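**Q** structure for the following, please:
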Amino acid sequence: EAEEKRKQRAEARAVNLEEKKRLAKEKAEAVHQDKLRKFQETRMKEEEEAKAEVQRQKYKELAQLQIAMAQEAAMIRRLEEEEERRKRELIEGKKKPIEASEPSQKKKKVFRRRM
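**A** Next comes the predicted model:
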């Protein structure tokens with residue numbers, strides 16, 4: 001009978017040890033899955049932030065391009081207005097003849113620089 005009890009206790013210890021091993025494995029797997037999930041969430045967040053930064057940069061460049069285009073259009077308008085004024089003045093005889101279709105050298109340089 002004592003031998004039987006000893007066998008039962010040894011068997012119970014073996015079962016208990018197997019249960020502890022199984023629980024330890026499950027816990028390790030849960031920890032691993034949690035770390036993996038956190039890593040993936042962090043990576044996804046970083047990717048989204050990078051995409052957003054690229055988008056912001058594109059919008060910024062687009063805005064700068066639009067400003068430059070508006071400035072060029074204004075310069076062209078001013079040059080055309082000056083040309084028209086010179087033509088009118090030439091026709092009216094207020095000024096001595098100047099090549100009316102040519103903007104001044106200084107304005108040509110400024111315009112070329114902006115292009």
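**Q** residues near Lys87, how many?
**A** For Lys87, the count of nearby residues is 13 (other Cβ atoms under 10 Å). For every residue, glycine as well, the C-beta is placed using N, CA and C.
**Q** how about it, phi and psi?
**A** phi -60, psi -50 (degrees, to the nearest 10).
**Q** how close does it get to Met75?
**A** 19 Å (Cβ to Cβ, to the nearest Å).
**Q** ok, now Glu48?
**A** 41 Å.
**Q** comparing the two, which residue is more hemmed in?
**A** More crowded of Glu48 and Met75, by other Cβ under 10 Å: Met75, with 16 against 10.
**Q** quick one: mean pLDDT for the helix or strand containing Glu83?
**A** Using DSSP states H and E, Glu83 falls within helix 2-92. Averaging pLDDT along helix 2-92 yields 95.
**Q** and it, what other elements does it pack with?
**A** In terms of contacts (3 or more Cβ pairs under 8 Å, 6 or more residues apart in numbering; DSSP states H and E), helix 2-92 is packed against helix 105-114.
**Q** model confidence over the helix it packs on, on average?
**A** 61.
**Q** count of neighbours near Thr83?
**A** Quick fix: residue 83 is Glu, not Thr. Neighbour tally, Glu83, other Cβ under 10 Å: 14.
**Q** and for Glu26?
**A** 10.
**Q** so how far is His32 from it?
**A** From Glu26 to His32 the distance is 11 Å (Cβ to Cβ).
**Q** and Val31, how far is that from Arg37?
**A** Going from Val31 to Arg37 by Cβ to Cβ gives 11 Å.
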